[in-house]
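Peer 1: Provide a 3D model corresponding to the input given below.
(one chain, ligands or ions: 1)
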Amino acid sequence: MEDRRIKPAEFSTRAEIEQAARYISAQTQHQPTVGLILGSGLDSLADEIASAQVIPFRQVPHWPVSTVAGHRGELVLGTLSGRTVMTMRGRAHYYEGYSMAQITLPIRVMRALGVETLIVTNAAGGVNESFRAGDVMLITDHINLVGMAGLNPLRGPNDDTLGPRFPDMSQAYDVALSDLARAVAAAEGIRLREGVYIFLAGPSYETPADVRFIRMIGADAVGMSTVPEVTVARHGGMRVLGFSLISNSLAHAHAEVSHAEVLAAGHAAVPKLIALIKGVLTRL
Ligand code: HPA
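Peer 2: Modelled structure (predicted):
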């Protein structure tokens with residue numbers, strides 16, 4: 001098996017996107033309209049999918065394979081609350097050594113397969129001092145700190161058939177979908193936090209000074225994913241809904257973080273996320 005990480009291709013080509021999409025459609029009868037990305041510790045949500053067909057990431061041409069513990073690395077296609085979904089159990093991250101184009105290729109492939117709505121989830125550190133481990137945060141906006149520094153997934157030649165050169169990001173997270181999520185949370189008695197997610201490259205966690213800095217510039221939660229995917233989804237005209245599971249609080253100056261703790265908090269919050277996502281899909 002080729003190592004897909006050693007020489008990361010900086011830009012994806014249309015041919016690569018189409019090859020991956022063709023491979024997936026040849027494996028399944030499902031025609032997904034909703035994409036779902038399950039972050040660290042959250043992948044058991046895919047157990048809820050009916051008539052599930054599973055395709056390991058490894059088998060799909062050009063698809064980035066996650067190397068991180070707690071990321072299973074497979075696609076699950078099937079139905080959830082009456083919608084046909086294409087679910088990623090795990091994802092690849094920039095810090096693993098992939099290029100921005102590689103980690104966002106799955107979004108291009110989803111779009112090519114007919115997905116119009118993307119629901120993203122992640123585990124994140126709570127920067128907002130009122131957040132507690134186990135909270136679920138509706139992502140209302142994000143800060144693309146890595147993108148601002150030059151690593152935007154849209155850098156490079158623009159394929160106008162995929163999206164515009166300068167896509168609008170004034171409403172990256174869909175207002176109507178967010179309202180649906182609020183309504184579901186109220187109906188289910190789930191306390192839903194809201195806030196701004198900031199993307200840092202990782203993989204080291206933040207220093208106390210990093211945390212002070214990102215709090216000062218307006219972040220409520222911090223993580224190492226999601227923003228490149230959402231940027232590409234918006235470029236492709238998809239509607240996006242996002243949830244962060246707050247796996248640990250960064251409210252105290254010397255709060256230590258461990259990956260094991262992040263995974264454990266994810267497992268514990270899965271029932272809340274399942275209720276939220278199923279509720280939204282039912283009402284779509
Ligand atoms: N920092 C960055 N990423 C994270 C964290 C954190 O504290 N927790 C889970 N993902």
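Peer 1: who in the stretch 51-200 of the chain is up against the ligand?
Peer 2: 123-125 (CB under 6 Å from any ligand atom). (C-beta placed from N, C-alpha, C; glycine too.)
Peer 1: which one of those residues sits closest to the ligand?
Peer 2: Checking these against the ligand with CB to the nearest ligand atom, the nearest one is residue 125 at 2.3 Å.
Peer 1: on that earlier part again, mark which of the residues of the stretch 51-200 of the chain next to the ligand are part of strands, please.
Peer 2: Judged by DSSP state E, those include 123-125 as members of strands.
Peer 1: please, where are all the strands along the stretch 1-150 of the chain?
Peer 2: Assigned by DSSP state E, counting those that start in this stretch, the stretch 1-150 of the chain shows strands spanning 34-38, 50-56, 74-80, 83-89, 117-126, 136-143.
Peer 1: in TSV, list the ones in strands among the residues of the stretch 51-200 of the chain next to the ligand along with pLDDT.
Peer 2: Output for those, formatted as TSV (pLDDT from 0 to 100):
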residue	pLDDT
123	92
124	94
125	94
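Peer 1: ok, and the most crowded of those residues?
Peer 2: residue 124 (32 neighbours; other CB atoms under 10 Å).
Peer 1: so it bridges to which residues?
Peer 2: Per DSSP bridges, the residues bridged to residue 124 are residue 246.
Peer 1: was I right about it contacting residue 222?
Peer 2: Yes: using CB atoms under 8 Å, residue 124 makes contact with residue 222 at a distance of 5.9 Å.
Peer 1: find the residues that touch each one of those two.
Peer 2: Residues touching both residue 124 and residue 222 by CB atoms under 8 Å, 6 or more residues apart in numbering: residue 197.
Peer 1: could I get the ones in strands among the residues of the stretch 51-200 of the chain next to the ligand as TSV with distance to residue 259?
Peer 2: Below are those laid out as TSV (distance: CB to CB, whole Å):
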residue	distance to residue 259
123	9
124	13
125	12
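Peer 1: distance to residue 169 added to the strands of the stretch 1-150 of the chain, as a markdown table?
Peer 2: Shown next, in a markdown table, are the strands of the stretch 1-150 of the chain (distance: least, CB to CB, whole Å):
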| stretch | distance to residue 169 |
| --- | --- |
| strand 34-38 | 19 |
| strand 50-56 | 31 |
| strand 74-80 | 27 |
| strand 83-89 | 22 |
| strand 117-126 | 15 |
| strand 136-143 | 9 |
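Peer 1: if anything else comes up later, I'll come back, but that's it for now.
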